[in-house]
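Colleague: coordinates only, sequence not included:
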Ligand SMILES: [Zn+2]
């Protein structure tokens, strides 16, 4: 790498429905074909194994326990219908609807739970606090807790840690110093900074990049059935052509 860093490949495979071993193998193959070489990862090992999130549950449970003990999270028993009635539709990306805080009064019940299973666990955000960070690409960012996002889920009712919690726990355990990811996750970074503060972890630097979109403006994502790397490859695109594809905000 140009900056002499260590590139880590972590397979974020917590969603069992969407994560199958054959997809992971195809992803590795496609990224290698594109010319990306990582120093640590599921296929090459490294000092912070395992590199599959599905095998890192103990790290997430430990983070959940710390948040519970510290009074940062509460069990939310709202049904899907409750939430659908209370909130606006989510935006593009990982975004979730603004939760109105109906179960905040359950904060005191948190310690009755030995394990997270059975309810959604939400992080109690500091309403009105402005979360700021300097993005290495987009520059200064500011998001308002309670306006840009509400009490977000850190552990799902179906007993799967939420993305926000998993990546924060992994970034700390794997000693990640620089996070590079898509601009659709800028707001998530504000949420994660709150988690990092609560867990007393070190804050990495962040570089968010523009999303690659096809000619109709649809972003490259398998779940939207847009052009995947595999599809572009089958269509005869070269790695050089793909790496030169225009990105847009
Ligand atoms: Zn609730």
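Modeller: Received it, and whenever you're ready, just let me know what you need. The model shown is predicted, which means the values in this text are computed figures rather than measured ones.

Colleague: tell me which helix or strand of the chain sits lowest on mean pLDDT?
Modeller: strand 247-248 (a mean of 54; mean pLDDT, DSSP states H and E).

Colleague: chain center to stretch 101-115: distance?
Modeller: Chain-centre distance of stretch 101-115: 24 Å, with Cα atoms, centre = their mean, to the nearest Å.

Colleague: Residue 31 against residue 230, yeah?
Modeller: No - at 10.7 Å, residue 31 and residue 230 do not qualify as touching, with contact defined as Cβ atoms under 8 Å. Every residue, glycine included, has its C-beta placed from N, CA and C.

Colleague: Walking through the chain, point out its strands one by one.
Modeller: 73-76, 120-123, 130-135, 139-144, 153-155, 178-182, 205-209, 211-212, 247-248 (DSSP state E).

Colleague: what's the burial count for residue 141?
Modeller: Residue 141 sits with 17 neighbouring residues when counted by other Cβ atoms under 10 Å.

Colleague: Return the per-residue confidence for it.
Modeller: As predicted, residue 141 sits at a pLDDT of 98.

Colleague: now it, which residues is it bridged with?
Modeller: On the basis of DSSP bridges, residue 141 is bridged to residue 133.

Colleague: Tell me the residues on the protein that lie near the ion, please.
Modeller: 76, 78, 102-103 (Cβ under 5 Å from the ion).

Colleague: could you redo those residues as JSON lines and give each row pLDDT?
Modeller: Putting those into JSON lines (pLDDT from 0 to 100) gives the following:
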{"residue": "76", "pLDDT": "97"}
{"residue": "78", "pLDDT": "93"}
{"residue": "102", "pLDDT": "94"}
{"residue": "103", "pLDDT": "97"}
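
Colleague: Point out the ones among those residues that are inside helices.
Modeller: Members of the residues of the chain next to the ion lying in helices (criterion: DSSP state H): none.

Colleague: out of these, what pair is the most spread apart?
Modeller: Within those, 76 and 102 form the most distant pair, 7.6 Å apart (Cβ to Cβ).

Colleague: more neighbours, the two?
Modeller: Set residue 76 next to residue 102 and count neighbours by other Cβ under 10 Å: residue 76 wins out with 20 against 15.

Colleague: Tell me the confidence at the nearest residue to residue 145 once chain neighbours are set aside?
Modeller: Distances taken as Cβ to Cβ, 6 or more residues apart in numbering place residue 125 nearest to residue 145, at 4.3 Å, with adjacent residues excluded. pLDDT recorded at residue 125 is 97.

Colleague: Residue 125: what's it in contact with?
Modeller: Residue 125 makes contacts with 145-146, 149-152, 191, 194, as judged by Cβ atoms under 8 Å, 6 or more residues apart in numbering.

Colleague: ok, of the residues you listed, which one's closest to residue 68?
Modeller: Among those, and counting by Cβ to Cβ, the member closest to residue 68 is residue 151, at 14.5 Å.

Colleague: and the nearest residue in space to that closest one that is not next to it in sequence, how far is that from residue 110?
Modeller: Distances taken as Cβ to Cβ, 6+ apart put residue 122 closest to residue 151, at 4.1 Å, once the chain neighbours are dropped. Plainly put, residue 122 is 10 Å away from residue 110 if you go by Cβ to Cβ, to the nearest Å.

Colleague: ok so, going back, and the residue nearest to residue 151, how many neighbours does it have?
Modeller: Number of residues near residue 122 (other Cβ under 10 Å) recorded here: 26.

Colleague: Could you list everything it pairs with in the sheet?
Modeller: The partner residues for residue 122, given DSSP bridges, come to residue 74, residue 153.

Colleague: ok, it touching residue 77?
Modeller: No - applying Cβ under 8 Å, one finds residue 122 not in contact with residue 77, separated by 10.6 Å.

Colleague: Could you tell me which residues touch both of those two?
Modeller: Listed as contacting both residue 122 and residue 77 by Cβ under 8 Å, 6+ apart are residue 103.
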